[in-house]
Structures are given as structure tokens and as C-alpha cells.
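**Q** sequence? don't have it. structure:
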């Protein structure tokens, strides 16, 4: 399992692709710094920056890039075969990949969210965002890892989930919020450090239970899909 | 010693039948899986390697099914046709990672041995994406062999190799086959199979068209003319004598000998020395000139 994680991490971090992860966190922290430097009241920018950019865009997009990168890219170029032709339980392969994906996504988004949270309100708010980001990173990673096993276009489908389901439908159709990881993150963070900036649309139990369901359900389904992974011959 | 067994295996994709009711048993030694492109070779290999479920029938290695059974990879090594490798690793790192994932007791020693086997030790610390096609191929073979699997499956292993690498790979496969490994390699190039293996499984349009020693298969098809190239002390006089023989259906006189078409392999090869002896002609060369797989193949396709 550790070797799979090692190869996955090398493949993820050892390539230029990793630079894709930088702009959004820099933008987030940069905006917060500018607002602080000009002494703008956090009530005016806090929600837009933390929720509008941080939780609605940065966290899911980073999780998408990483979550589809850990397995989807190997499926795409066929290198997954080298890992699958080993006597490893499929569960261990998925768990190793999920661990790397969730870990890297959590670190990459939690740090800028913490800084932004401190600048906008307090250390407590920053820590609340960290907890939310970690929970969100796990749920998103499980979802996007699964997507790379059920579709040939995981990035497209993942973007549709983030932009259309969470972004668009989540604003206007209240029912879709129950299946929106973004809403769980907001609710969890708001419960830890209540501020005027976060406005959770689902209850705390729903947020926690659904986060767990996304994480565990996605993982189990992904393990099962990987167990019957088929390789179609290019010449056949 | 391991045996790979296919029993009445079919595989279809929607309405398209890729493999149609194939049964075969692979014993230790080298076997060639032969067929034109699109015949279903890769589909058969993928089913053997556990990457595809048979739609019907069973695929087993030592009686264990290959589908949804990662345990078989302890006895199985696969060199897939796609040459994708983790290019950001060095050859040594890659093979070592494979050894670790196989949970070998001494991964470092196994890695060293596998890299020596394919003669990649001198380049082992270079990143794989700097390698030529042949070097990548050898690295992949090293990775597939690192746990010394009883069964090794190779899909078009000679693609992109230069003649020297090709020869080295053939020697390696021969050696492994002689040591008792069960080796199956697919190819659409007949000379490769011919040089490497007398045993063939011929797949044409998803069906097993022939199986066994390819020279014997050729001989079984007695209704086809067999072509022999002859050289003798007096070609023309030999031609005159041979045309009276019933099993001879045609003779061409060429600058460097005769080309004789015989309708019956057995009676012609018995008659030839008798006729030559009777006429006092010395035979310098008797060569069954179409004993190449190419001709076996085209006969099977026509049949």
C-alpha cells in the first residue's frame, strides 16, 4: 500500500502539473491581504472571498485536479496496469490513492483558508475553515476518485458537479443542497466558529452524515469498480 | 509448473463477437498466439491476465479463475501492448516498486536480478521517459519478471525492437520456456513465431483456427499444394522424371533450381529420392519452401 501511495505522490507532485494547484490559493490569500491592507470591513468582503472563492471554487477545484489526477491519469495512459497486475487487494490500492488525494487536497486548501480565516475574523474562524476543508477534501476526493473509474471524462463530470450542481442549482433549487459537499463544509465550519460570513443551508447532522456517506460510499463503490476493471485492447 | 486453461471461452462487445468459443491449454514452454490484427489476440490475452471477464466459459490458471482474483498475479506476469510506464521513475525505481508491490521478501535483490536478466543495469538510474522504445520494453519485461512468475504473457513483445534487441528477447523467452515457465506471446508477424516457437495457437476472426506444432498443422492440410525448392546435378532431367509422378502437380524450371508443387506431402517425399536414384541424379537441395507461417496462415484464412 505504501508503494502505491509513493508512486501516486511522485506522479502527482513530481510533475509540472502540480503548479496548477498554486494560482487559486495565491489568489485567495492575495485578495484577503489586499482587503486587510486597505482596512475594508470584513463584513463586506469576508463572505465573497471565503465562501465565493475559497469554499465554492478553490476547495472543490483543487480536489478535482488532485482527485482525478491520482487515478484518472493512470487509467488514461494505461500505467494503472502495472499496479493492477500485483497481488494487492483492490481496497488497498483505492485507500492509498484516496489517502494521497485527500491529504494533498486538504493541505493545499486548508493552509490558504486558515490564513484567510484569520485575516477575515479570528484564529478560531481560521481553524473552523481548516476542519471544514479537511472534511470537504475527503468527501470530494472520494467522489472524484470514483468518477475517474466510472467515466472516461472525470474532469468534465467533476466540473459539472461543482459548477452546475453546487454552483447553479445549489443557489436556486434548495433540494440539491442535500447532495452538495460545499454546503456540508459551510455548515460544519459555521458550527465550530459561528460568524455572519457562513450561512449553512443544511443542518449539522445532515452535513456530518452526508460527508461520511460520500466518503465511505464513494470508496466502497470505487473499490468494487476497480475490482472489475477492464482493459479494452487497442487492436482488438 | 503452471497451466493456463481456456474452456469454451467467448467474449462479445454488444453485438460484436471478439472471441468465439475458444478452448486451449497452455503448458510450460513457449507458445505463440498468432493471428492477423483484429483477430482477438489481445482480447484472449486480457482475459488470461484477468483484465476482462469472459462473456461465456472459463479462464483459469492452475484451476483458479483469473477474473476478479488479484492473487493470480503472484504466478502471472503481463507485458501489455501499450508501452505506458511511470516515466517519472527511473528503471530501478520502477522495477523495485513492482517488487515491493509483489511483497517479495528481498525486493532489492529481485530488482537487481530482473534488471540483469534484461541487460538494463547500465541504464537503470535513468528516468524511463528518456528511454528508447526497446529499452522501455525491456524495463517492462524486467518489471513483469521481478517475481519470477510461472506464467508470462506478452502482447506483441517485439514491436519497436531492433534486430539485436529482438534476438536477445527471443533468447530470454527461450531460456525461460526451457526452465519450465509457461510463456505465451502474441504476434501478427510470422517470422517471430517461427523462430521462437514451434507451438502455435492460431486465431482467425475470433476463432481458434489451429493449435499445435505449426509444421504438423501444415502437413495435415494435405489438400493444399506443398512447394519444394530443389537443386540437383541435372535440373531439367529431374523435372522430366518428376512430372510423371502422380503426386506432382506442377514444376517450374528456374535459374537456380526447380520449384515443385506437390499435392501430397507424404507420397512426394517418398517418391523423390527413388526417382532421383533411378535417374542417377544427385540432389543438392530439398527445401520445403512454403513451410513458413505466412503460408500456413493464408491457408487457414482461406479454409
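**A** Looks like it arrived, so ask away. Here the structure is a predicted model, which is why all the values come from computation and not from measurement.

**Q** use CA for all of it now, contacts and neighbours both
**A** Fine.

**Q** tell me which element residue 209 falls in.
**A** Since you didn't name a chain, this refers to chain A. Per DSSP states H and E, residue A:209 falls inside helix A:204-227.

**Q** um, chain B though
**A** Counting by DSSP H and E, residue B:209 is found in strand B:207-213.

**Q** how about that strand: buried residues?
**A** B:207-211 (16 or more other C-alpha atoms under 10 Å in any protein chain shown).

**Q** mean confidence score for it?
**A** Mean pLDDT, strand B:207-213: 86.

**Q** and the helices in chain A?
**A** A:2-13, A:23-37, A:42-46, A:59-77, A:80-84, A:90-120, A:123-150, A:154-160, A:170-172, A:181-192, A:204-227 (DSSP state H).

**Q** by mean pLDDT, show me the worst of these.
**A** Across the helices of chain A, helix A:170-172 has the smallest mean pLDDT, namely a mean of 85.

**Q** what does that helix rub up against?
**A** A:176-177, A:180 (C-alpha atoms under 8 Å, 6 or more residues apart in numbering or on different chains).

**Q** which of these lies closest to residue A:114?
**A** Minimum distance to residue A:114 across the contacts of helix A:170-172 is 21.9 Å, recorded for residue A:180 (C-alpha to C-alpha).

**Q** compare the helices of chain A and give me the one nearest residue B:167.
**A** helix A:80-84 (25.2 Å).

**Q** give me the buried subset of the contacts of helix A:170-172.
**A** Looks like those have A:177, A:180 buried, using 16+ other C-alpha under 10 Å.

**Q** with adjacent residues omitted, what lies nearest to the residue in the stretch 151-300 of chain B that chain A sits nearest to?
**A** Relative to chain A, the nearest point of the stretch 151-300 of chain B is residue B:206 (9.6 Å; C-alpha to the nearest C-alpha). Distances taken as C-alpha to C-alpha, 6 or more residues apart in numbering or on different chains place residue B:19 nearest to residue B:206, at 4.1 Å, with adjacent residues excluded.

**Q** tell me the secondary structure at that neighbour.
**A** What DSSP: H, G, I helix; E, B strand; the rest coil gives for residue B:19 is strand.

**Q** surely it is in contact with residue B:42?
**A** No - with contact defined as C-alpha atoms under 8 Å, residue B:19 does not count as touching residue B:42 (10.0 Å).

**Q** show me what from chain A comes close to chain B.
**A** When proximity is defined as C-alpha under 8 Å from any C-alpha of the partner chain, chain A approaches chain B at A:1, A:3-4, A:7, A:10-11, A:14-15, A:77-79, A:82-90, A:227-233, A:235-236.

**Q** which members of those are classed as buried?
**A** Here, 16+ other C-alpha under 10 Å leaves A:1, A:3-4, A:7, A:11, A:78-79, A:82-88, A:90, A:227-229, A:231, A:233 buried among the residues of chain A next to chain B.

**Q** now do the same contact list for the nearest residue to residue A:134 once chain neighbours are set aside.
**A** Of all residues not flanking residue A:134 in the chain, residue A:106 sits nearest, at 5.0 Å (C-alpha to C-alpha, 6+ apart). Contacts for residue A:106 (C-alpha under 8 Å, 6+ apart) come out as A:133-134, A:137-138.

**Q** who wins for proximity to residue B:74 among the helices of chain A?
**A** The minimum distance between residue B:74 and the helices of chain A falls on helix A:80-84, with 11.8 Å, by C-alpha to C-alpha.

**Q** can you tell me what sits against the closest one?
**A** Counting by C-alpha under 8 Å, 6+ apart, A:4, A:71, A:74, B:70, B:85, B:98, B:101 sit against helix A:80-84.

**Q** and the end-to-end length of stretch B:54-68?
**A** Its start and end residues considered, stretch B:54-68 measures 11 Å (C-alpha to C-alpha, to the nearest Å).

**Q** list the buried residues of that stretch.
**A** So, applying 16+ other C-alpha under 10 Å, buried residues of stretch B:54-68: B:54, B:58-61, B:65-68.

**Q** pretty sure the residue of the stretch 151-300 of chain B closest to chain A sits against residue B:23.
**A** No - using C-alpha under 8 Å as the test, residue B:206 is too far from residue B:23 to be in contact (11.7 Å).

**Q** quick one: which of those two has more around it?
**A** Using other C-alpha atoms under 10 Å in any protein chain shown as the criterion, residue B:206 and residue B:23 rank with residue B:206 on top: 24 against 16.

**Q** tell me who's in contact with that one.
**A** B:17-20, B:39-41.

**Q** what does stretch B:115-123 contact?
**A** If you take C-alpha under 8 Å, 6+ apart as the criterion, stretch B:115-123 is touched by B:91-92, B:95, B:112, B:124, B:135, B:138-139, B:141-142, B:169, B:172.

**Q** can you rerun that using 6 Å?
**A** Under the criterion C-alpha atoms under 6 Å, 6 or more residues apart in numbering or on different chains, residues B:138, B:142 lie in contact with stretch B:115-123.

**Q** try stretch A:22-31
**A** Identification of contacts with stretch A:22-31 by C-alpha under 6 Å, 6+ apart yields A:58, A:112, A:116.

**Q** list the buried residues in it.
**A** Neighbour counts using 16+ other C-alpha under 10 Å place A:24-25, A:27-29, A:31 of stretch A:22-31 among the buried residues.

**Q** any regions of chain B where pLDDT drops low?
**A** Across chain B, the ranges flagged by pLDDT under 70 are B:190-191, B:217-224, B:290-298, B:300-303.

**Q** can you give me the strands in it?
**A** In chain B, the segments counted as strands under DSSP state E are B:4-13, B:16-26, B:29-34, B:56-61, B:64-65, B:76-79, B:151-155, B:182-187, B:199-204, B:207-213, B:226-232, B:248-254, B:257-262, B:283-288.

**Q** show me the domain layout of chain B.
**A** Split into domains by automatic domain parsing, chain B comes to B:4-218, B:221-290+B:297-302.

**Q** mind checking which of the ones you listed is nearest residue A:221?
**A** Here domain B:4-218 is closest among the domains of chain B (C-alpha to C-alpha), at 14.9 Å.

**Q** now that closest one, how far from the centre of its chain.
**A** Relative to its parent chain, domain B:4-218 has a centroid offset of 11 Å by C-alpha atoms, centre = their mean, to the nearest Å.

**Q** tell me how far the nearest residue to residue B:97 once chain neighbours are set aside lies from residue B:50.
**A** In this structure, residue B:97 finds its nearest non-sequential neighbour in residue A:3, 6.2 Å apart by C-alpha to C-alpha, 6+ apart. Here residue A:3 is placed at a distance of 22 Å from residue B:50 (C-alpha to C-alpha).

**Q** that older thread, just curious, which of the contacts of stretch A:22-31 is nearest to chain B?
**A** Closest approach to chain B among the contacts of stretch A:22-31 (C-alpha to the nearest C-alpha): residue A:58, at 27.5 Å.

**Q** run a quick neighbour tally on that closest one.
**A** Residues near residue A:58, counting by other C-alpha under 10 Å, number 24.

**Q** ok, now residue B:15?
**A** Residue B:15: 6 neighbours (other C-alpha under 10 Å).

**Q** neighbours around residue B:266, how many?
**A** Neighbour count for residue B:266, taken as other C-alpha under 10 Å: 12.

**Q** that older thread, could you identify which of the domains of chain B is most buried?
**A** Greatest average neighbour count among the domains of chain B goes to domain B:4-218 (a mean of 20), per mean count of other C-alpha atoms under 10 Å in any protein chain shown.

**Q** residue B:127 and residue B:89 touch, don't they?
**A** Yes - counting by C-alpha atoms under 6 Å, residue B:89 is a contact partner of residue B:127 at 5.4 Å.
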